[in-house]
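# all I have is the shape, not the residue letters:
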């Protein structure tokens, strides 16, 4: 009795090993042709790769022209296993923990992976699974063979094809941004690949979520995320998913996390007001603002004022109050103040509203009134001569109690003209 695996050869039970002949019947009428008469295979004896079983064959030996009586051989042929492999056939470069499995309950497992694959667990001769990490895009294989319960293994290992797809390569990561409130900013990533998709995410302290275009955000699915106003986003963090769509499956990579730091700006509580002054007056501008560490720079028509501006006409140009000590020639100028908060990681300015300066001319007296000496009861006049554009006059009198305006009544007339008439000087 012989037990073999399908495809194995076996030795004939002969003494000399010469002129061996195999038969499939006891009557020796059906000879079996073998290549190696001493070591036939199960296939030659009628067993295909998919068959197995028990049969009896007969063997004779011929010497000197005489064939010996036959010997019956009970032959048990065990079938070969056909290992199968299940697992992901499409993976991404860098994927780890990818499990492949074959039939359980077998023995002497022989796992192999091609270059680009690293077995991280399993894969021993008693393991029907193997865990692989894939690196490097390209075509790869996993193979396995094992012995079944009859101790037979497959004639060749089973190969399982795996395609490792490329992932994007990030060339430049997003970086932290330090921005003043009420300002815009951007986060940018640079990556290489064939067909790339982008999805920016934000974490406000409750975990990352996808950003959609709208509100403060635009470019949420591009390589540059734009934020129009950062005021409410201090401490938020951002990252971007980049997906390569050019392979058999989408493969993604996640960028580094970048933080947005928003520094405060001053809050203006009272804006400078327009000034209307005469050419011989002093003009004053003021601003009220709240903040931690504030500095001030007043400007004329957008240019910073210092001690030399307009021949030194200004004082307080680095304080909350700007004083113009000489307004001549400054009619129509505008003034504002840049207030800077320096308590953050950077200096953050805000500019006030502009305030106008209107300078009205002062009349020039070219001839003053002169003292008059008259006889009691006579009439007289007092005259002043002045230059200007549109002049108005108002005569006054001081009778010992201080000057008061005159009115056209009694002995006085033309009190609003250049020449005052007094009809009677008595009293």
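Nice, thanks for sending it over. Note that the structure is a prediction, hence the values are computed from the model and not measured.

# end-to-end on stretch 211-230?
15 Å (CA to CA, to the nearest Å).

# now residue 152. Nearest residue, chain neighbours left out?
Leaving aside its chain neighbours, residue 152 sits nearest to residue 5 (3.6 Å; criterion: CB to CB, 6 or more residues apart in numbering). The way it works is simple: take the backbone N, C-alpha and C, and place the C-beta from them, glycine included.

# and the one you found, what does it touch?
Counting by CB atoms under 8 Å, 6 or more residues apart in numbering, residue 5 touches 42, 77-80, 150-153.

# which PyMOL command selects the buried ones in those residues?
Selection of buried members from the contacts of residue 5 for PyMOL, criterion 16 or more other CB atoms under 10 Å:
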select buried, resi 42+77+78+79+80+150+152+153
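
# so where's this structure uncertain?
1, 9-18, 35-38, 41-51, 427 (pLDDT under 70).

# now with 80?
1-2, 7-19, 32-53, 55, 75, 425-427 (pLDDT under 80).

# related to what we said a few turns ago, is the residue nearest to residue 152 in a bridge, and if so with what?
Beta-bridge partners for residue 5, by DSSP bridges, are residue 78.

# kindly report the same for residue 285.
Those that pair with residue 285 in a beta bridge, by DSSP bridges, are residue 322.

# distance of the residue nearest to residue 152 relative to residue 80?
Per CB to CB, to the nearest Å, residue 5 is found 6 Å from residue 80.

# need the overlap of contacts for these two.
Shared contacts of residue 5 and residue 80, counting by CB under 8 Å, 6+ apart, come down to 152-153.

# surely residue 155 and residue 82 touch.
No: here residue 155 does not reach residue 82: they are 9.9 Å apart, not a contact under CB atoms under 8 Å.

# how close does the residue nearest to residue 152 sit to residue 305?
102 Å.

# report the next helix or strand after the helix or strand containing residue 356 in sequence order.
Here residue 356 sits within strand 355-360, counting by DSSP states H and E. As assigned by DSSP H and E, the chain's next helix or strand after strand 355-360 is strand 364-367.

# so what are the sheet partners of that next one and their directions?
Strand 364-367 has the following strand partners under DSSP bridges: strand 385-387 (antiparallel).

# pull the distance from the partner strand to the chain's centre.
73 Å (CA atoms, centre = their mean, to the nearest Å).

# can you check stretch 218-235 too?
Per CA atoms, centre = their mean, the displacement of stretch 218-235 from the mean C-alpha position of its chain is 8 Å.

# repeat that for stretch 289-309.
Distance, centroid of stretch 289-309 to centroid of chain: 37 Å (CA atoms, centre = their mean).

# can you check stretch 138-157 too?
Distance, stretch centre to chain centre, for stretch 138-157: 47 Å (CA atoms, centre = their mean).
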